[in-house]
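Peer 1: Here's my sequence, what's the structure:
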Amino acid sequence: MTVFFGCVALLLIGYFTYGAFVEKVFGVEPDRPTPCCQLADGVDYVEMPTWRVFFIQLLDIAGLGPVFGPILAALYGPVALVWIVLGCIFAGAVHDYFSGMLSVRNQGASIPEVVGNYLGMTARQIMRLFSVILLLLVGVVFILGPAKLLANMSGMNVQLWVGLIFAYYFLATILPIDKIIGQLYPIFGALLLFMSIGVMGGLVYHGYDILPNLDVMTNTHPEGLPIWPLIFITLSCGAISGFHSTQSPLMARCIQNERHGRLVFYGAMIVEGIIALIWATAAMSFFADAPALQAVIKSGTPSLVVKEVCTSVLGPVGGALAILGVVVLPITSGDTAFRATRLIIAETLGMEQKAVAKRLMLALPLFAVAFILTNVQFGIIWRYFGWANQMLSMLMLWSAACYLAQQKKFHWICSIPATFMTAVDASFILQAKIGFNLPADISNMAGVGIALAIFAIFLVYANRQRCCETPA
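Peer 2: Sure thing, here's the model as predicted:
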């Protein structure tokens, strides 16, 4: 138990120390007008109270990732906790902060447009492609996941729940952001809080041995899958996730002042890290060992793990409420995933979105494609989602590093995690069956080599920026 609370404490300390340092490096300007003040349209650019913006940001980014990802990563053992803490503080929260604040500085632009401003048109087109693909996969995964959980709870047909969730997503995608999302998220936040406290409290109350195995050097995965690079792809949300960069601009359009950015963007990621810690800890404490955990996952995806843990430690009623707390995570990310996709496509086509008819022109074909994808096997979708997600995080970090280099600021806070994620992404796609299927030793060496080469090129670029005039 001490280890769990120690990890939580480290995340909170990270917010108040490293988060403050990141904010100082960026250089907030409290007197600078934010997009919601300059471009208010009553649909996407809507000024909202900071507490509401924080909760929306948290629920936007905290989908199934900080629940399913940590459960799957728990198969590798307590090394998952190390990655959550270090990844969250030094990579994920930094990534989220810059994706949000650079959007604020670029009139609330979606992340492909932000990246294009600093890395050029080619990078913009790559980000557009990855963002749309990723968001579609997220939307589909975040339909199927909660639908299965709700079907298990209610006994109703999964396809019925899929239809109901689809209907909600459609409304949340086309209506003004403060009409559904802004009104429901505080309620969803209360369910999330109950789930987070309830699951850990239930484990302690029922006398479970919290984190019985603390050997971070031993890989406990039943199938012997390697920690590098798989755990960094599997456990994304809760450590670092490119999906978050697609969500942060939604709140960049609603934030009242730049000084609120650390709470809204960096802080929401820290809270998501705590959620990830809870579920990684629960998975390693509730089940006897990794093979027992894997047996449940294989028999019903991680959603069955959620059901067993919640109902066992909190009883039928408390378990149902806790499961609902888990359900709201993907639902509140799925709705904004489709909304963000609509906005990215609209910006690409130069189509304004104030008129309902123009929102429908983009939303209808978008949901038609998503419905087709719901018939694809969950495991296949999740594997492609994991790699595309971390590719997006890598590109966002390199964009932030280039921005800092252009401004002659301390780029290392972004360039180091960007290099690390480059090595992860390259190693994974080189050895994965969905990629080049190369031997692990070859792909790992090549992945690290690619990352170091890109890092060296960046250092040359950064050095040239120091010799040039700072851009206005």
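
Peer 1: mind listing what Ser427 touches?
Peer 2: 228-229, 443-444, 446-448 (Cβ atoms under 8 Å, 6 or more residues apart in numbering). Any C-beta I mention is one placed from the backbone N, CA and C, and that applies to glycine too.

Peer 1: Widest-spaced pair of these?
Peer 2: In those, two members sit farther apart than any others by Cβ to Cβ. They are Trp228 and Ala446, at 13.1 Å.

Peer 1: before we move on, back to that, ChimeraX command for the buried members of the contacts of Ser427?
Peer 2: Those of these that count as buried under 16 or more other Cβ atoms under 10 Å are selected in ChimeraX with:
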select :229,443,444,446,447,448
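
Peer 1: For Cys254, state which of the contacts of Ser427 is nearest.
Peer 2: Looking across the contacts of Ser427 and measuring by Cβ to Cβ, the closest to Cys254 is Pro229, at 35.5 Å.

Peer 1: Please verify my assumption that the closest one contacts Leu430.
Peer 2: No - here Pro229 does not reach Leu430: they are 9.4 Å apart, not a contact under Cβ atoms under 8 Å.

Peer 1: Now do the shared contacts for those two.
Peer 2: Common neighbours of Pro229 and Leu430 (Cβ under 8 Å, 6+ apart) are Gly447.

Peer 1: Can you tell me the number of residues neighbouring the nearest residue to Pro35 once chain neighbours are set aside?
Peer 2: The shortest distance from Pro35 to any non-neighbouring residue, by Cβ to Cβ, 6 or more residues apart in numbering, is to Gly108 (3.6 Å). Residues lying near Gly108 (other Cβ atoms under 10 Å) number 24.

Peer 1: State the distance from Gly108 to Val424.
Peer 2: 30 Å (Cβ to Cβ, to the nearest Å).

Peer 1: do the same with Pro249
Peer 2: Pro249 is 24 Å from Val424, by Cβ to Cβ.

Peer 1: Likewise for Ala239?
Peer 2: 11 Å.

Peer 1: Next: Val296.
Peer 2: Counting by Cβ to Cβ, the gap from Val296 to Val424 is 27 Å.

Peer 1: more crowded one of these two?
Peer 2: Applying other Cβ under 10 Å to Val296 and Val424 shows that Val424 carries more neighbours, namely 25 against 20.

Peer 1: is it true that Thr336 touches Ile181?
Peer 2: Yes - at 7.0 Å, Thr336 and Ile181 qualify as touching, with contact defined as Cβ under 8 Å.

Peer 1: who's more crowded, the two?
Peer 2: Thr336 (31 against 25).

Peer 1: Name the helix or strand for that one, please.
Peer 2: Secondary-structure element containing Thr336, defined by DSSP states H and E: helix 290-349.

Peer 1: So for that helix, mean pLDDT?
Peer 2: Helix 290-349 carries an average pLDDT of 84.

Peer 1: if we can go back for a sec, what sits against the residue nearest to Pro35?
Peer 2: Contacts of Gly108 (Cβ under 8 Å, 6+ apart): 35-36, 39, 44-45, 249, 252-253.

Peer 1: Now a PyMOL select for only the buried ones of those.
Peer 2: Buried residues among those (16+ other Cβ under 10 Å), as a PyMOL selection:
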select buried, resi 35+36+44+45+249+252+253
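
Peer 1: In strands, which of the contacts of Gly108 fall?
Peer 2: Assignment to strands by DSSP state E places none of the contacts of Gly108 there.

Peer 1: So which of the contacts of Gly108 belong to helices?
Peer 2: Counting by DSSP state H, the part of those found in helices is 35-36, 249, 252.

Peer 1: With distance to Pro330 and pLDDT added, can I get these in TSV?
Peer 2: Formatted as TSV, these follow (distance: Cβ to Cβ, whole Å; pLDDT from 0 to 100):
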residue	distance to Pro330	pLDDT
Pro35	27	95
Cys36	27	93
Pro249	20	93
Ala252	22	95
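
Peer 1: Can you tell me which of the contacts of Ser427 is closest to Ala368?
Peer 2: Pro229 (34.6 Å).
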